[in-house]
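> here you go, sequence then predicted model.
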Amino acid sequence: MLEFLLKYSPVVISEGRFAFKSLPPVFILIAAVLILAAAVWASYRKTTLQLSRGFKTAMMAVKVVVIVLLLFILLEPILTVSTVVPQKSSLVVLLDDSKSMSIKDAPNQSSRLNYAARLLGDAAQPGLLAELGKNFKLQTFKFSSEVEFLRDVNGASGQGAASDLGKSLRFAADLADQTALAGVVLLTDGANNGEEDPLETAALLNSKKAPLYVVGIGSEQAQDIEISKITANHSAIENSVVEISALIKNKNMHDQLIELELREEGAIIKRQTEKLQGASTRTAMKFSPTRRGFVRYTLNAIAKANEAIKENNSKSFLIDNRSRQARVLYVEGYPRAEFKYLRRAFHGDESIELVSLLRTGVDKFYRQGIRNQEELSAGYPKSKKDLFKYDAIIFGSIEADFFSKEELQNTLDFVAQRGGGFLMLGGFNSFAAGGYANTEIEELLPAELPFQNSGLDAVPTFKDKFKLVLTPEGLAHPIMQLSAVESDNAQLWQNLPELEGYNPLGRAKPGATILAVHPLSEFQNPKILLALQRYGSGRSMAFATSSSWHWQMSMPHQDMSHERFWRQMLRWLALSSPRPIEAHTDKESYAPYEQVTLKVEVRDSTYEYIEDANVKATITTPSGKVVDVPFNWSSNGKVEYIGSFQTDEQGLYLVEVSAYSAKGELLGKTQSGFFVEESKAEFINAQLQAGLLKRLAEISGGKYYHQDQAKTLADEISVRESSYSKLVEYDLWDMPLVFLLAVAILAIEWYVRRSKGLS
């Protein structure tokens with residue numbers, strides 16, 4: 001209707017420069033207006049009826065308006081508009097064909113792709129393509145991870161696994177070098193997950209004078225829950241509690257309650273209710289794996305009925321719950337209750353092989369758990385080769401002078417280089433009381449040791465009775481989980497008997513985690529009882545008491561708290577220690593047909609890298625097919641062997657790696673795993689990215705349109721100044737609006753005069 005009244009499109013009216021063809025000199029124009037105004041005044045000066053001054057003035061004003069309209073027509077008004085030369089230049093039309101375009105948040109619950117297809121139109125129902133085709137040669141393409149020619153909008157399926165905006169815009173920029181390109185029309189939701197920066201490519205289009213006209217498809221206001229990130233210890237400790245941390249993002253669903261469910265290979269093993277707070281919510285969930293081996297878990301947020309994007313409500317992760325065994329060397333200075341009950345805690349435990357070296361006299365030792373008579377026959381291992389056979393080391397109540405300088409240094413290297421675990425227990429000859437201040441062992445520990453002259457060690461150990469108090473970090477740490485239920489876990493710790501005596505420690509080192517303190521601790525000066533830290537490639541712990549045996553002796557025989565605590569602590573300390581042969585993938589999950597990169601590190605008995613090994617791997621696919629994978633030595637500056645594998649099935653893949661010496665001798669074997677599932681990258685942060693799209697249009701010199709503004713796009717491109725446009729004059733004197741306005745005013749004026757009885 002508006003276009004009929006104005007004769008031309010509102011875009012032409014707004015973009016044109018107004019002028020008159022027959023504009024006389026100003027003094028003639030002023031004189032004509034004055035003469036006509038005087039004539040109108042004279043015609044109303046004397047009337048047959050008595051009229052008020054206001055009425056006369058209004059009627060004269062109406063006459064003047066009609067005269068002005070007539071003058072407007074006589075002066076031949078025109079609009080000068082820059083208009084594209086028909087069919088001289090081209091437009092590239094790019095339609096997003098990725099999976100995010102299948103989201104149904106367009107008007108009328110239509111998918112984004114269907115709405116975009118209707119905007120573009122086809123032979124049956126012409127749309128934007130038909131309008132653009134009047135003035136431009138069109139080249140239409142669809143894009144996702146690649147760009148493909150599109151013969152018909154119905155040829156787009158919305159099944160592309162990725163959206164590479166940068167690559168698609170670079171494709172258009174390359175076309176600008178081959179043809180007279182007036183611009184690029186881009187229809188997308190802006191959910192970009194390509195490697196190339198689209199903002200840089202938009203600048204390239206600007207330099208080629210090919211602006212972007214971006215049509216944003218989708219909604220910024222749609223409701224959505226997204227499981228964004230899951231953090232877990234992927235190597236589980238058998239029969240223990242695993243804690244995962246999940247980041248849940250939401251759009252327009254603040255303060256709502258959602259139901260989370262954790263699935264183990266598809267079977268629900270735990271449910272939990274969470275309240276969404278702000279734009280993102282961090283939640284934790286604890287569970288005990290029930291299956292052995294590499295197990296796939298999925299955390300899912302049950303979708304709400306009004307949620308637009310349900311595909312990003314779940315995220316999978318892999319847990320390595322294989323049966324493994326670690327050897328722990330426990331060195332103790334004299335027989336004591338802690339030694340007795342610690343050994344008893346591991347009776348029947350297949351995961352920990354506890355080897356103990358108990359001093360019974362000068363150069364006399366009682367050995368338990370040894371594999372042969374030669375093991376530890378000379379006391380503490382003298383060489384790295386012998387020491388590095390173990391996965392963790394415990395120092396009990398035994399003075400620093402018992403060890404040579406070289407043995408202490410080897411112990412430091414055991415943790416830093418080999419990646420082993422180290423624990424020091426409290427006792428009369430432990431920590432500062434044992435002379436470990438300023439030694440290699442103090443460097444390992446997660447807490448500083450008080451100096452001899454500090455006054456803290458006037459009494460080597462304190463003898464008071466106390467209840468161990470867990471810190472917030474301790475309550476959450478896997479070592480301290482006596483129950484998978486958080487409230488039950490806290491209560492179990494509360495019910496444990498008192499401890500007796502502890503070794504005073506100094507400040508925690510940077511990066512250390514304090515798990516438990518004395519009840520008389522102060523916030524600024526905690527009395528540390530249990531702390532841990534990462535050190536080099538390994539881990540170290542300090543447990544500054546020797547009375548945990550009370551948790552066994554003073555509790556009912558069926559209570560397993562003491563056993564569970566020690567088993568979890570030593571499994572955490574020892575089972576994560578690397579083996580001489582280690583294999584891993586560059587990530588734990590892949591999309592179908594994506595290339596998997598396998599990396600293998602091979603070390604000798606002293607954990608020095610071997611550079612001339614022969615590495616082979618066999619991969620068992622989900623269907624049971626076995627594939628051999630060759631490896632090559634890497635030249636990227638790190639000693640490792642790299643192989644690649646192309647996935648073709650969805651599910652869990654198991655990898656077994658064997659390493660051989662240059663002479664063909666077997667060095668060792670190891671296993672790994674990964675899983676393949678449909679990529680959800682397209683549904684991550686998948687709301688309409690209007691901010692990015694506006695920036696792309698701005699950088700390129702073009703314009704952004706929301707989906708409901710796209711109908712004006714064809715007209716606006718046509719009147720935009722470019723190398724392929726010319727100036728065109730549009731006559732305005734015969735606009736229907738001017739004619740209808742003049743007729744309407746005269747009709748009103750006639751009706752009013754007649755109603756007053758005037759001629």
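Now that the structure is in, tell me what you want to look at. Model, not experiment: these values are computed from the prediction.
> longest single helix anywhere in the protein?
helix 53-74 (DSSP state H).
> quick check: buried residues in that helix?
Using 16 or more other CB atoms under 10 Å as the test for burial, helix 53-74 gives 59-60, 62-63, 66-67, 69, 72-73. Every C-beta, even on glycine, is put in place using the N, C-alpha and C of the backbone.
> now do that helix, average pLDDT.
The pLDDT scores in helix 53-74 average 71.
> wait, what's in contact with the residue nearest the centre of the chain?
The centroid of the chain falls nearest to residue 228 when counting by CA atoms, centre = their mean (5.4 Å). Shown in contact with residue 228 (CB atoms under 8 Å, 6 or more residues apart in numbering): 247-249, 280, 315, 684.
> check residue 116 too.
By CB under 8 Å, 6+ apart, residue 116 lies in contact with 95-96, 101, 153, 187, 215, 217, 707.
> from the contact counts, what lies against the helix or strand residue 246 falls within?
Element membership for residue 246 (DSSP states H and E) is strand 242-251. For strand 242-251, the packing partners by 3 or more CB pairs under 8 Å, 6 or more residues apart in numbering; DSSP states H and E come out as strand 224-232, strand 280-287, strand 293-301, strand 314-321.
> dump the first one to CSV, restricted to CA.
As requested, the backbone C-alpha atoms of strand 224-232 are provided in CSV (Å, rounded to 0.1, in the frame of the first residue of the first chain):
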residue,chain,number,x,y,z
ASP,A,224,18.2,-23.5,26.3
ILE,A,225,20.2,-25.7,28.7
GLU,A,226,23.7,-26.7,27.7
ILE,A,227,26.0,-29.2,29.4
SER,A,228,29.1,-27.2,28.5
LYS,A,229,32.0,-28.9,30.3
ILE,A,230,32.7,-32.0,32.4
THR,A,231,35.8,-32.4,34.5
ALA,A,232,36.6,-35.8,35.8
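> just checking, what packs against the particular helix or strand that has residue 582 in it?
Secondary structure from DSSP H and E places residue 582 in strand 581-585. Using 3+ CB pairs under 8 Å, 6+ apart, the elements in contact with strand 581-585 are strand 595-602, strand 651-660, strand 666-676.
> and the angle from the longest one to strand 595-602?
Inter-element angle recorded for strand 666-676 and strand 595-602: 150 degrees (by axes from the mean of the first three to the mean of the last three CA atoms, to 10 degrees).
> just the CA atoms of strand 666-676, as PDB, please.
C-alpha atoms of strand 666-676 as PDB (Å, rounded to 0.1, in the frame of the first residue of the first chain):
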ATOM      1  CA  LEU A 666      59.400 -56.800  23.900                       C
ATOM      2  CA  LEU A 667      59.700 -53.600  26.100                       C
ATOM      3  CA  GLY A 668      56.100 -53.600  27.300                       C
ATOM      4  CA  LYS A 669      52.400 -53.200  26.400                       C
ATOM      5  CA  THR A 670      49.700 -50.700  27.400                       C
ATOM      6  CA  GLN A 671      46.100 -50.000  26.600                       C
ATOM      7  CA  SER A 672      44.000 -47.000  25.800                       C
ATOM      8  CA  GLY A 673      40.500 -46.200  24.500                       C
ATOM      9  CA  PHE A 674      38.300 -43.600  22.900                       C
ATOM     10  CA  PHE A 675      34.700 -43.300  21.600                       C
ATOM     11  CA  VAL A 676      33.100 -42.000  18.500                       C
END
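> for that strand, which strands pair with it and how are they oriented?
If you go by DSSP bridges, strand 666-676 pairs up with strand 589-590 (parallel), strand 651-660 (antiparallel).
> do you know which of these lies nearest residue 578?
Residue 578 lies closest to strand 651-660 among the strands paired with strand 666-676, at 13.6 Å (CB to CB).
> quick one: average confidence on the closest one?
The average pLDDT for strand 651-660 rounds to 94.
> buried residues in that strand?
652-659.
> kindly report the same for stretch 617-627.
Buried residues in stretch 617-627 (16+ other CB under 10 Å): 617, 619, 621.
> of these, which belong to helices?
Using DSSP H, none of the buried residues of stretch 617-627 sit in helices.
> low-confidence stretches in the stretch 401-550 of the chain?
Along the stretch 401-550 of the chain, the parts satisfying pLDDT under 70 run over 451-461.
> which residue comes closest to residue 243 once chain neighbours are left out?
residue 286 (4.9 Å; CB to CB, 6 or more residues apart in numbering).
> pretty sure the one you found contacts residue 242?
Yes. Counting by CB atoms under 8 Å, residue 286 touches residue 242, with 7.0 Å between them.
> dump the buried residues of strand 651-660 to a markdown table, plus distance to residue 33.
Listed next are those as a markdown table, based on distance: CB to CB, whole Å:
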| residue | distance to residue 33 |
| --- | --- |
| 652 | 89 |
| 653 | 89 |
| 654 | 94 |
| 655 | 93 |
| 656 | 99 |
| 657 | 97 |
| 658 | 102 |
| 659 | 101 |
